[in-house]
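Chemist: Have a look at this prediction, sequence included:
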Amino acid sequence: MIHHNSLKAHRSNRYSKRCKMIIDEICENGPGTCRELIERLGLRDMNQVRPRVTELVKSGALREIGEKRDNSTGKMVMVVGLPEGDWGKYKHHVEYSQQVFNFVQGMNEALRKLYTGSSD
């Protein structure tokens with residue numbers, strides 16, 4: 001189960017867009033190091049992620065779940081994840097939410113066409 005603080009923080013406007021991207025990435029693909037998160041998010045600079053990860057760990061939205069050796073530096077670095085670490089259940093929730101969102105978008109488009117008489 002995902003810690004309620006993680007979901008609450010994610011849904012609020014308390015965090016920046018970058019923080020929300022990091023939380024989403026961890027929810028969808030599991031824990032990682034800052035460097036792994038940079039690569040998975042398609043970013044270039046460590047400073048785009050590391051300060052946000054520190055902020056999220058301090059707030060309790062993420063937690064340090066271990067450490068591993070960084071392939072680039074050879075140093076031991078922290079691995080961060082969600083407080084409860086149950087990716088499977090949350091990933092299913094995210095996928096279901098996306099399906100509902102897509103359905104609603106489709107219905108809105110169908111209604112728009114119906115009311116405007118558009119056939120495209």
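Modeler: Here it is on my side, so go on.
Chemist: From now on I want contacts and neighbour counts done on CA atoms only, so please keep to that.
Modeler: Fine.
Chemist: Tell me who's in contact with residue 118.
Modeler: residue 112 (CA atoms under 8 Å, 6 or more residues apart in numbering).
Chemist: Kindly check the end-to-end length of stretch 28-41 for me.
Modeler: End-to-end distance for stretch 28-41, by CA to CA, to the nearest Å: 12 Å.
Chemist: give me the element the closest residue in space to residue 44 that isn't next to it in sequence is part of.
Modeler: Leaving aside its sequence neighbours, residue 44 sits nearest to residue 38 (CA to CA, 6 or more residues apart in numbering; 6.6 Å). Residue 38 belongs to helix 34-41 when elements are defined using DSSP states H and E.
Chemist: After that helix, which helix or strand is next? Please name it.
Modeler: Next helix or strand after helix 34-41 toward the C-terminus (DSSP H and E): helix 50-59.
Chemist: which strands and helices sit next to that following helix?
Modeler: Helices and strands touching helix 50-59, by 3 or more CA pairs under 8 Å, 6 or more residues apart in numbering; DSSP states H and E, are helix 17-29, strand 63-69.
Chemist: so how far is it from its chain's centroid?
Modeler: How far helix 50-59 lies from its chain's middle: 13 Å, per CA atoms, centre = their mean, to the nearest Å.
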